[in-house]
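# pasting the sequence and the predicted model now:
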Amino acid sequence: MPSRRRVMAYGALLAGGATLAGCDESAVQQATARLQRRLVLPGSVDGRERLRALVQAATLAPSSHNTQCWRFVLGREQIRIEPDTTRRCPAVDPDDHHLLVSLGCATENLVQAALAHGLMAEPQVGADGRISVALAPTRPRLSSRYTAIVQRQTTRGVFDGRPLPAATWRQLEDAAEAEGVAARLITDTAGLERLLAAVVAGLRTQLSNRAFVDELVRWLRFDAEEAARSGDGLFIGCNGQPSMPPWLARRLVRRFLHADSEARRSAEQLRSSAGVVILASDAAGGPARWVEVGRAFQRLALEATAAGLQLSLLNPPVEVAALRAPLAAAFGLGTLRPDLVVRIGRGARLPDSLRRPLDAVIA
Ligand SMILES: Cc1cc2nc3c(=O)[nH]c(=O)nc-3n(C[C@H](O)[C@H](O)[C@H](O)COP(=O)(O)O)c2cc1C
C-alpha cells in the first residue's frame, strides 16, 4: 500500500489537487501521465487560455534525459520558446546540441497544435537559441500529427522484428524532410550490425566517463514517487523496469550500469527494429540548424506514431564527438554531422513519462 506521503506527492500533480488514494503507485503515475496528455479541445478556448493549450502540447515533446529544458513566454500574438540553461547536461551534451534539438521538438508540437486551434505558427530562431513563434489566424485543421502528440512516446522495449513496407519508409522520410537536414535509412542486416558496433563503442566510452554516469544518475528516477516529485527525468518504470527505493538504487546503480549489459540491450533493441533513420545536418551546426533537426525528428516521430509504430533513440555514437565522423563515413553522410539515431518498428507501448506542471514552464 502506498504511504499517505506518497499519494500526496502524486496528488500535487493532479488537477485540482485531487488524490487517488488506494491506487498503487505505478497506476497513479500512469493516471497522472494520462491526465497530462488530455489536450484542450480546439475551439473551446481563446486568448491566453489558447496560448496555454499550445504550450501544453509543446511540453509533451521529447527532450534529452527528459530534462524539459524549455521556458515559454506568452505574448499577444506570439509565444517565445527559450532554452532553460539550468537544465543543461554538459557531460552528454557539451555544445547544447541536444538541448536545442529538444526545443525544436517542442516547437514542432506547438506548430501542429496551433494549426488545430486555428493559428498559423511561424517560428524564427535567434542566434542565442530563443525561438519567436508568430501566430496568425487561419482555418483550423485537425491533423493526424496533432492527434499523435498524446500517443507518441520513446519506447525502449524490444520490437517485433518485422519489416515495414517501402511506402511507409517513404512517408516517414518525407515527414523528416527539412532544409539542410538529411535522413539516411538503414534496414539491411549488415548495416544494422555496423550501426550496433558504433552504438556499443559509444556506450563503452560514455560508461567509462565518470561525469557522464554521474549526470545520467542525477536524471534517473527510481520509483514513481521520485518521478512524480520532479515531474521530469528518466523514470525506470518507463523502460518496463521495476521500481527500487531511490536511496538504495543510487548506491548500487553504478555497479549495474555495465557496458556489456547495455550493449546486449542495444543489440536486442536494434535487431528487433524494422530499421533505423539517422538524421544528419551541416557540420557548422548552430541553434537554427539544431532546432530544424528537432522539428524534423518530431514530424518523423508523430508520423510514425500516427501509423501505429513505436520508436526510440540510440544516440551514443552521435554523442561521443570522436565517433561522429566515422559514423557519417560508414553511412555515406560525407561531412554532415549525424544528429540522431532513431530506431523504428512495431512493439508494445510502455508507461508514459511525466511532465512538470504548465506554470513551472510559463514565464
Ligand atoms: C535530443 C534527444 C536525445 C535523446 N537521446 C536519447 C537516447 O540516446 N536514448 C534514449 O533512450 N532516449 C533518448 N531520448 C529520449 C528522451 O529520453 C525522452 O524523450 C524523454 O525521456 C521523455 O520521454 P518521451 O519521449 O516518452 O515523452 C532523447 C530525446 C531527445 C529529444
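Now that the structure is in, tell me what you want to look at. Residues are numbered from 1 along each chain as shown.

# just say helix, strand or coil for Arg71.
Classification of Arg71 by DSSP: H, G, I helix; E, B strand; the rest coil places it in strand.

# how many neighbours does it have?
Other residues lying near Arg71 total 20 when counted by other C-beta atoms under 10 Å. Every residue, glycine included, has its C-beta placed from N, CA and C.

# for it, which non-adjacent residue is closest in space?
Nearest non-adjacent residue to Arg71, counting by C-beta to C-beta, 6 or more residues apart in numbering: Glu82, 4.6 Å away.

# SS state for the one you found?
strand.

# can you pull the contacts of it?
By C-beta atoms under 8 Å, 6 or more residues apart in numbering, the contact set of Glu82 is Trp70, Arg71, Phe72, Val73, Gly129, Arg130, Ile131, Ala363.

# give me the distance between it and the ligand.
17 Å (C-beta to the nearest ligand atom, to the nearest Å).

# for the host helix or strand of Glu226, list every residue counted as buried.
Glu226 belongs to helix 224-230 when elements are defined using DSSP states H and E. Neighbour-count burial for helix 224-230, counted by 16 or more other C-beta atoms under 10 Å, picks out Ala224, Glu225, Glu226, Ala227, Ala228, Arg229.

# closest one of those to Glu25?
Distance to Glu25 across the buried residues of helix 224-230 (C-beta to C-beta) is lowest for Ala224, with 4.0 Å.

# for the closest one, report the pLDDT, please.
pLDDT for Ala224: 94.

# just give me the neighbour total for Thr335.
Thr335 has 11 neighbours, counted by other C-beta under 10 Å.

# residues in contact with stretch 115-125?
The contact list for stretch 115-125, computed with C-beta under 8 Å, 6+ apart, reads 42-43, 45, 50, 53-54, 81, 107, 110-111, 114, 131-143, 146, 287-288, 291-292, 295.

# so what's Pro163 scoring on pLDDT?
98.

# in a strand, it, correct?
No. Pro163 is assigned coil when assessed by three-state DSSP, not a strand.

# contacts only, for the residue of the stretch 201-350 of the chain found nearest the ligand.
Residue nearest to the ligand within the stretch 201-350 of the chain (C-beta to the nearest ligand atom): Asn315, separated by 3.2 Å. Asn315 sits next to His98, Gly202, Leu340, Val341 when contact means C-beta under 8 Å, 6+ apart.

# could you find the closest non-adjacent residue to the third one?
Which is Leu340. Spatial nearest neighbour of Leu340, excluding adjacent residues (C-beta to C-beta, 6+ apart): Leu279 at 4.6 Å.

# circling back: state the pLDDT value of the residue nearest to Arg71.
98.
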